[in-house]
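Chemist: Quick one: sequence and predicted model below, then my questions.
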Amino acid sequence: MSSVRSRGAFIVIEGLDRSGKTTQVATLQTRLETEGIPVKLFKFPDRTTTIGQMIDSYLRSQSELDDHVIHLLFSANRWELAASIEQLLAAGTTVLCDRYAFSGVAFSTAKGLSLEWCRSPDISLPAPDVTLFLNITPEQARSRGGYGEERYEKEELQRKVRDVFQQISSEFTEATWVTIDAGREREDVAEDVWKIVYPLTGGLAIPLQRLWE
Ligand code: TMP
């Protein structure tokens, strides 16, 4: 009888800008390490690769690219790290990902590309076991100090991004897409994140799924 070997959990954290996503991911990573759980953090875009450097230049408005081209570069940036993610999961490591294909679809669709077209290059990537979506209202985002300098950090686009994230989430089950109210105190948000992630870190016996297949 064949049995599936236990593997690490694949956890994606998505969120609106100013939702405290980066802080929450760092807190989660530290807590897992403190517990002695093997963990590796990925962040997309990964600006260190050759493709990532092209993305970085675009985001800082140092280069111009067609909307389709930048979308495909973001996706290629995930594909170039997909094999590493799979290997780590197979070795039993918990993989955390700060943004993933959902950001890809949300931002490019908000810019006007079709959702179906945006989804296609990311089909078959490793699928997260759970996606935690850190949610804040546009008003909360504004009260946290406004947006920064990069290309997409504008209120009108962020509103559209929010709507697309909501559309994407409706296709997932409550177990695989969890929306967390990130408008609360940092510690309370971290506690909710921990309650969802910790039970997944003991090893999963289910095979890794493929995104949108
Ligand atoms: P960052 O601020 O998390 O480094 O992300 C940079 C910007 O890139 C952010 O505005 C979200 C956007 N983005 C996309 O448009 N497509 C993608 O696939 C990803 C991962 C991010």
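Modeler: It's in.
Chemist: contact partners of stretch 181-188?
Modeler: 15-16, 19-21, 23-24, 27, 134-137, 140, 189 (Cβ atoms under 8 Å, 6 or more residues apart in numbering). Backbone N, C-alpha and C define where each C-beta goes, glycine included.
Chemist: first vs last residue of it, how far apart are they?
Modeler: End-to-end distance for stretch 181-188: 9 Å, by Cα to Cα, to the nearest Å.
Chemist: that older thread, from the contacts of stretch 181-188, pick the one nearest Tyr152.
Modeler: Proximity of the contacts of stretch 181-188 to Tyr152 (Cβ to Cβ) peaks at Leu16, which lies at 11.2 Å.
Chemist: which residues does the closest one contact?
Modeler: Leu16 touches Leu134, Asn135, Ile136, Ala141, Gln158, Val161, Arg162, Phe165, Ala182, counting by Cβ under 8 Å, 6+ apart.
Chemist: Restricted to strands, list those.
Modeler: Of the contacts of Leu16, the ones assigned to strands by DSSP state E are Leu134, Asn135.
Chemist: So which of the contacts of Leu16 wins on neighbours?
Modeler: Ala182 (26 neighbours; other Cβ atoms under 10 Å).
Chemist: what's the nearest residue to it if we skip its chain neighbours?
Modeler: Excluding the flanking residues, the one nearest Ala182 by Cβ to Cβ, 6 or more residues apart in numbering is Leu134, at 3.8 Å.
Chemist: Quick check, that neighbour in contact with Ile13.
Modeler: Yes - taking Cβ atoms under 8 Å as the definition, Leu134 is a contact partner of Ile13 at 6.8 Å.
Chemist: Does Glu14 touch Thr131 like I think?
Modeler: Yes - applying Cβ under 8 Å as the test, Glu14 and Thr131 come out as touching, 6.0 Å apart.
Chemist: Looking at the two, which is more packed in?
Modeler: Glu14 (25 against 22).
Chemist: contacting residues around that one?
Modeler: Glu14 touches Lys21, Arg99, Tyr100, Phe102, Ser103, Thr131, Leu132, Phe133, Leu134, Phe165, counting by Cβ under 8 Å, 6+ apart.
Chemist: That one falls within a strand, correct?
Modeler: Yes - membership of Glu14 in a strand is supported by DSSP: H, G, I helix; E, B strand; the rest coil.
Chemist: From Lys40, how far off is it?
Modeler: 18 Å (Cβ to Cβ, to the nearest Å).
Chemist: got it, and Lys21?
Modeler: In terms of Cβ to Cβ, Lys21 sits 18 Å off from Lys40.
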